[in-house]
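# just need the structure, nothing else, for what follows:
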Amino acid sequence: MISEEQQELVSAVRGLLAKRDARAGIRQAMDTDLGYDPQLWAQLCEQVGVAALAIPEEYGGFGAGLVESLLVVGELGRTLADVPMLGSAVLGAQAVLLSGDSDACARLLPGIAEGSSTLALGWAAASGWDEFGVRADGETLDGTAHYVLDGTIADTLIVVTEAGLFEVDPSAAGVERRKTAAMDPSRALSEITFTGAPARRLGTADAGPAIERLRQIAWAALANEQVGAAEHCLAATVEYTKSRVQFGRVIGSFQALKHRMADMYVLAESAKSTALAAAFALAENRDSAAEDVWVARNQCSEAFSTIAAETIQLHGGIAITWEHDAHLYFKRAHGDAHLFGTPKRPVAQG
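Numbers count the residues shown, from 1 in each chain. As a prediction, the model looks like this:
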């Protein structure tokens, strides 16, 4: 269960997204260079402080915690708003913090906390997140980071390599950024190629533990986003079946459809429980964190994919038209199932 303060945060974000009609705005944002509504992001940062939640006070943040940030990611999932929360304020900021580099934290995080600058995390090879797309030779980088969130618009790049974490100025020589086509048009992805690009190593300690925790944070964040999107799909489907008339009756009165929506509800609720469990386990550094994240990543992906598919089916032909949002959630479900890779089940200790 979340606390009263956390519920107030959720309500504030949900209310602002509704006021801005963020779900309707995704179609306009998809065709822009940014890929999101900058005014919406500014309001989320200025009025609610979403980007500052998990950043310590010493670096300009609120010091609230990781759970609060992931709750915001969940609310954004309801509308598919692709603002720089997941890629920059969560993954980018956490990468800098996990590096243990106090100088980098002091330089980069205040701007992230106030929403005036953004980070992008480059990691994956073309084959996915099990391999690093970029290699380091001293403080020079070569290779291509694939599937990067906020990659073309970020003010600073954080690159994950086998040798550790590196900070890169995107305007430096040897750095090329480009958008890439994706099945999910509401999520802007990019490729960043480094050719002898100068980089600054973040931290001096072994980066292995930091990279592993960053993976787990990515999976937990995505699980919360999937829950928010799945809950929207369920609510939209229930509302539609209350108004759609067939054979002289609203279709929601047919027993077969009631059973299908009941199954959707069970999937959404169980996914929500696992996503919250993973968020709290990570935030509190519990021994069960790796297992909880594995459960959440797999269960939430399956739940969202199933619920999105049922949303298409129960809406009928209208759901596959461009004008309806159901197909956007269906595409986000399939994209999310692959984003950040799939964790292997942790090996039990003892």
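
# not counting sequence-adjacent ones, nearest residue to Ala95?
Ile158 (4.7 Å; CB to CB, 6 or more residues apart in numbering). Heads up, the C-betas are built off the backbone N, CA and C, glycines and all.

# list the contacts for the residue nearest to Ser88 when sequence neighbours are not counted?
For Ser88, the nearest residue in space outside its immediate sequence neighbours is Thr118; the separation is 4.1 Å by CB to CB, 6+ apart. Contact criterion CB atoms under 8 Å, 6 or more residues apart in numbering gives 84, 87-88, 92, 112, 150, 153-156 as the residues in contact with Thr118.

# so what pLDDT did Thr118 get?
What the model reports for Thr118 is a pLDDT of 97.

# can you tell me how far it sits from Ser11?
Distance, Thr118 to Ser11, using CB to CB, to the nearest Å: 26 Å.

# so where do the strands sit in this protein?
Remark: strands of the chain, listed N- to C-terminal, are 119-122, 124-125, 128-132, 134-137, 140-149, 156-161, 164-168, 175-180, 189-198, 200-202, 245-246, 249-250; assignment by DSSP state E.

# so which of those strands gets nearest Glu225?
Ranking those by their distance to Glu225 (criterion: CB to CB) puts strand 140-149 first, at 11.5 Å.

# what's that closest one in contact with?
In this structure, residues lying in contact with strand 140-149 by CB under 8 Å, 6+ apart are 84, 86-88, 91, 120-126, 132-135, 151, 159, 161, 166, 168, 174, 180, 187-199, 339.

# buried ones among these?
Neighbour counting over the contacts of strand 140-149 (16 or more other CB atoms under 10 Å) leaves 84, 86-88, 91, 120-125, 132-134, 151, 159, 161, 166, 168, 187-194, 197-199, 339 as the buried ones.

# and Ala136, how many neighbours?
The number of residues packed around Ala136, counting by other CB atoms under 10 Å, is 20.

# report pLDDT for it.
We have a pLDDT of 96 for Ala136.

# quick check: it vs Arg201, distance?
Taking CB to CB as the measure, Ala136 and Arg201 are separated by 8 Å.

# list residues touching both of these two?
164, 166.

# just the helices in the stretch 1-150 of the chain please.
The residue ranges that make up the helices of the stretch 1-150 of the chain, judged by DSSP state H, counting those that start in this stretch, are 4-19, 22-30, 38-43, 66-79, 93-99, 102-114.

# can I get the ones you listed in TSV with mean pLDDT and distance to Gly228?
TSV is the format used below for those (pLDDT from 0 to 100; distance: least, CB to CB, whole Å):
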stretch	mean pLDDT	distance to Gly228
helix 4-19	94	9
helix 22-30	79	11
helix 38-43	94	16
helix 66-79	96	3
helix 93-99	97	19
helix 102-114	97	22
